[in-house]
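S.K.: Starting from these lines, generate the structure:
(2 chains)
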Amino acid sequence: MQTTFTGRVWKFGEAISTDLMVPGSKVLANPGITPEEAAQFCMSANRPGWVDQVQPGDLLVAGTNFGCGSSRNGSQPLKVLGIACVLADSVSRIHLRNAVNTGLPTLVAPGISAFVEEGQRLEVNIVSGQVKNLDTGKTLQAQAWPEDSPPFQILMAGGLDAYMKDKVRKAGLVRA
Amino acid sequence: MGMTIAEKILAKHAGVDSVKPGQYVWCKVDATSGHSLRALELLGVDRVWDPERVFIVDDHQAPPPTIEVANRMRETRRLVKKYGIKHYYEYGRGGILHQVFAERGMYAPGELIAQGDSHSTSGGVFNACVTNANMDAVHILAFGDLWFRVPESVRVVLNGTLPAWCVGKDVILKVASELGTDYGLYKSVEYVGPVAAQMTLAQRWTISNMGVEVGAKFALFEADAKTDAFLKDRVTRPYEHVTADPDAAYEAQYEFDLSTLTPMVARPGDPGNGVPVESVLTEHVKIDQAFLGSCTNARLEDLEVAARIIKGKQIHPDVRMLVSPSSQEVFGQALKAGYLEILADAGALVEHSTCGPCYGGHMGVLGDHEVCISSSNRNFQGRMGSPLAKVWLASPATVAASAIAGEIVDPRQYL
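M.R.: Numbers count the residues shown, from 1 in each chain, chains lettered A, B, ... in the order given. Here you go, the predicted structure:
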């Protein structure tokens, strides 16, 4: 798993809900939808056209309570769109677990909204939690997970699916 | 150092004497929901850890509006049979999961449960640590345990006496309007005090339900005779009430005097946008739809108060009112009590028990520029349909009174 990310920042505001990332009327109501199709609706209510501008490797920065609301996996469309890493002043519990399980590095970084402007470039180390603004030269410390913690291990495995495949095999739950 | 309710329950399920906030623990889980059975099958695992403790109900889109949804439900039924799941509730015998699972004995004081759907914090009303497990429910299905970060605990003390016509919904909209919608972020919130004791179980349930709206991992009440009365004959296994130690450590304590509370509404955009309804009367907010439903406020007493307000009157000609009881059991009780007849005679559409309108996916989606007053839990942009629609949150009484008036009104004028 890659642990350092450098990319251009897209900024979002406070309390960006998962209803905005995964609109229920477009996605939940349509179980046949593919992840790629679903991603086209991401942020369509609050920022129409954004999905056409975002490039693989870009970073997303948001305010407090990012991913509030529904347990729909908002990290999936972000990952499909190529967002490499997410930083927010705070992140909802459910969204943070979904991010870990999806394998999309998502760090709680108090002060990040004031630290970076849209379009600036950041360098993020998800192990140490160090964030550097390459345009201003300033640094900010995000909250890093303890390396022995389950979420860090799941993230480093690349997400829950890879973690589970290994674990059920080692536990003998899968016939050889 | 003493422990909070969440710390006691997590320590017990981790098999240790004590835990501290910030600590990561693996805990045995008492039950989960079966939304991840397909993921388990794809992993090649052909049994669940305990088929007696897995619960499934299709609530968001049942009965199916499309062939694709119907086929997804066929798939669920196949998996239920394959894994021998005991608690599967077909439509007509189910309803909204948080209500149905409680009626079917999933939750008891002192238990730890992680299940699908964000409103899982609802189960905290039973003095149990109940929270959301989304993708990682597959870990519970395989192994019966899950990792948890022990949360900081905060305490919300509800003082005073709740005035007539104010209910749990008004309390949580008031608290969220003052503390914001992240005072519970990643925390365990304990609601205590005279008003917590005074409220009916259903009113407390609304507050636990909207625990996720304030970010909480758990939204807990202490158990009392009202809790036990609901659980009687539903939970036959032994359980014990869990209380916090007198010297338990809380990150924060918030005090509210609710004796002067008045009915609240949350303005569109965020559940934290609560204001007294009397402060918006001069705006004459016209409504297109009134929704009395969801896991938040569609229990028997919610339908009763709506029927009492609406009895002998008609829904305003410019308003559609949707009524969806929280479960089939509640539907049957409201039917026998005559509430549904009153609502139907007034021109309300009585639907089956469904999540549909609340999440904007089924059975009553909002169009562009429509305005809805809803007894549900979220009013984010696009939540109930069009991103251009506006959703106001309120108690069942305020929803019912507004449905008659055609605009948002103070229910106290109609009672």
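S.K.: what about the residue lying closest to residue B:278 once chain neighbours are set aside, distance to residue B:401?
M.R.: Nearest non-adjacent residue to residue B:278, counting by Cβ to Cβ, 6 or more residues apart in numbering or on different chains: residue B:410, 5.3 Å away. Yep, even glycine has a C-beta here, placed from its N, CA and C like the rest. To residue B:401, residue B:410 is 7 Å away according to Cβ to Cβ, to the nearest Å.
S.K.: Residue B:280 now?
M.R.: As judged by Cβ to Cβ, residue B:280 and residue B:401 stand 13 Å apart.
S.K.: So those two - more neighbours on which side?
M.R.: Taking neighbours as other Cβ atoms under 10 Å in any protein chain shown, residue B:280 and residue B:401 compare with residue B:401 leading, 29 against 17.
S.K.: for the biggest strand by length in chain A, which positions count as buried?
M.R.: Longest strand in chain A, counting residues (DSSP state E): strand A:4-11. Buried residues in strand A:4-11, counted by 16 or more other Cβ atoms under 10 Å in any protein chain shown: A:5, A:7, A:9-11.
S.K.: One more: stretch B:283-297?
M.R.: Buried residues in stretch B:283-297, defined by neighbour count with 16+ other Cβ under 10 Å: B:285, B:287-297.
S.K.: Which member of the residues you listed is positioned nearest residue B:56?
M.R.: Using Cβ to Cβ, residue B:295 comes nearest to residue B:56 of these, at 15.9 Å.
S.K.: Now do the same for that closest one: its pLDDT.
M.R.: Note for residue B:295: predicted pLDDT of 98.
S.K.: which residue packs closest to residue B:110, ignoring adjacent ones?
M.R.: Spatial nearest neighbour of residue B:110, excluding adjacent residues (Cβ to Cβ, 6+ apart): residue B:242 at 4.8 Å.
S.K.: Which neighbours in the sheet does the strand or helix carrying residue B:372 have, and how are they oriented?
M.R.: Taking DSSP states H and E as the definition, one finds residue B:372 inside strand B:371-374. Within its sheet, and counting by DSSP bridges, strand B:371-374 is paired with strand B:289-292 (parallel), strand B:390-394 (parallel).
S.K.: quick one: strands adjacent to the longest strand of chain A?
M.R.: For strand A:4-11, pairing defined by DSSP bridges yields strand A:59-62 (parallel), strand A:121-125 (antiparallel).
S.K.: So what touches that strand?
M.R.: By Cβ atoms under 8 Å, 6 or more residues apart in numbering or on different chains, the residues outside strand A:4-11 that reach it are A:50, A:54-55, A:57-62, A:83-85, A:105, A:113, A:116-126, A:134.
S.K.: Quick one: name whatever helix or strand follows it.
M.R.: Downstream of strand A:4-11, the first helix or strand assigned by DSSP H and E is helix A:18-21.
S.K.: what does that next one contact?
M.R.: A:42-43, A:45-46, A:67-74, A:77-78, A:94-95, B:360, B:378, B:380-383.
S.K.: Helices of chain A, residue ranges please.
M.R.: Secondary structure of chain A (DSSP state H): helices at A:18-21, A:35-39, A:50-53, A:75-80, A:93-102, A:112-115, A:150-157, A:160-170.
S.K.: The longest one and chain B, any residue contact?
M.R.: Yes. Helix A:160-170 lies in contact with chain B when judged by Cβ under 8 Å from any Cβ of the partner chain; the contacting residues are A:160-161, A:164-165, A:167-168.
S.K.: Select only the buried ones of those residues in PyMOL?
M.R.: In PyMOL, a selection of the buried entries from the residues of helix A:160-170 next to chain B looks like this (16+ other Cβ under 10 Å):
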select buried, chain A and resi 160+161+164+167+168
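S.K.: Among the residues of helix A:160-170 next to chain B, which one sits closest to residue B:25?
M.R.: residue A:167 (17.2 Å).
S.K.: Quick one: residues contacting the closest one.
M.R.: With contact taken as Cβ under 8 Å, 6+ apart, residue A:167 is in contact with B:139, B:142-143.
S.K.: Is the helix or strand harbouring residue B:204 in proximity to chain A?
M.R.: Residue B:204 is part of helix B:201-209 when elements are defined by DSSP H and E. No. Applying Cβ under 8 Å from any Cβ, one finds helix B:201-209 separated from chain A by no less than 13.4 Å.
S.K.: With stretch B:259-266 instead?
M.R.: No. Judged by Cβ under 8 Å from any Cβ, stretch B:259-266 stays clear of chain A, getting no closer than 13.1 Å.
S.K.: Outside of that stretch itself, list whatever touches it.
M.R.: With contacts defined as Cβ under 8 Å, 6+ apart, stretch B:259-266 is touched by B:159-163, B:165-166, B:169-171, B:173-174, B:176-177, B:272-278, B:280, B:373, B:379, B:392-395, B:397-398, B:408, B:410-412.
S.K.: coming back round to it: now tabulate the helices of chain A in TSV and tack on mean pLDDT.
M.R.: Shown next, in TSV, are those (pLDDT from 0 to 100):
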stretch	mean pLDDT
helix A:18-21	94
helix A:35-39	96
helix A:50-53	98
helix A:75-80	98
helix A:93-102	97
helix A:112-115	98
helix A:150-157	97
helix A:160-170	97
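S.K.: Same list (those) but as a markdown table, adding distance to residue B:235.
M.R.: Shown next, in a markdown table, are those (distance: least, Cβ to Cβ, whole Å):
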| stretch | distance to residue B:235 |
| --- | --- |
| helix A:18-21 | 32 |
| helix A:35-39 | 39 |
| helix A:50-53 | 47 |
| helix A:75-80 | 36 |
| helix A:93-102 | 26 |
| helix A:112-115 | 45 |
| helix A:150-157 | 30 |
| helix A:160-170 | 31 |
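S.K.: and of those helices, who's closest to residue B:302?
M.R.: Per Cβ to Cβ, nearest to residue B:302 of these: helix A:18-21, 23.5 Å.
S.K.: can you give me how far that closest one is from the chain middle?
M.R.: Its chain's C-alpha centre and that of helix A:18-21 lie 13 Å apart, by Cα atoms, centre = their mean, to the nearest Å.
S.K.: ok, now stretch A:24-36?
M.R.: For stretch A:24-36, the distance to the chain centre is 20 Å (Cα atoms, centre = their mean).
S.K.: Using CSV, write out every CA atom in that stretch.
M.R.: The C-alpha coordinates for stretch A:24-36 follow below in CSV (Å, rounded to 0.1, in the frame of the first residue of the first chain):
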residue,chain,number,x,y,z
GLY,A,24,-30.2,7.8,-2.6
SER,A,25,-32.6,8.7,-5.4
LYS,A,26,-30.0,8.0,-8.1
VAL,A,27,-27.9,5.2,-6.6
LEU,A,28,-29.7,3.3,-3.8
ALA,A,29,-32.9,3.2,-5.8
ASN,A,30,-31.0,1.5,-8.7
PRO,A,31,-29.2,-1.7,-7.5
GLY,A,32,-28.0,-2.6,-10.9
ILE,A,33,-25.9,0.5,-11.1
THR,A,34,-22.1,0.0,-11.5
PRO,A,35,-19.6,1.8,-9.2
GLU,A,36,-18.4,3.8,-12.3
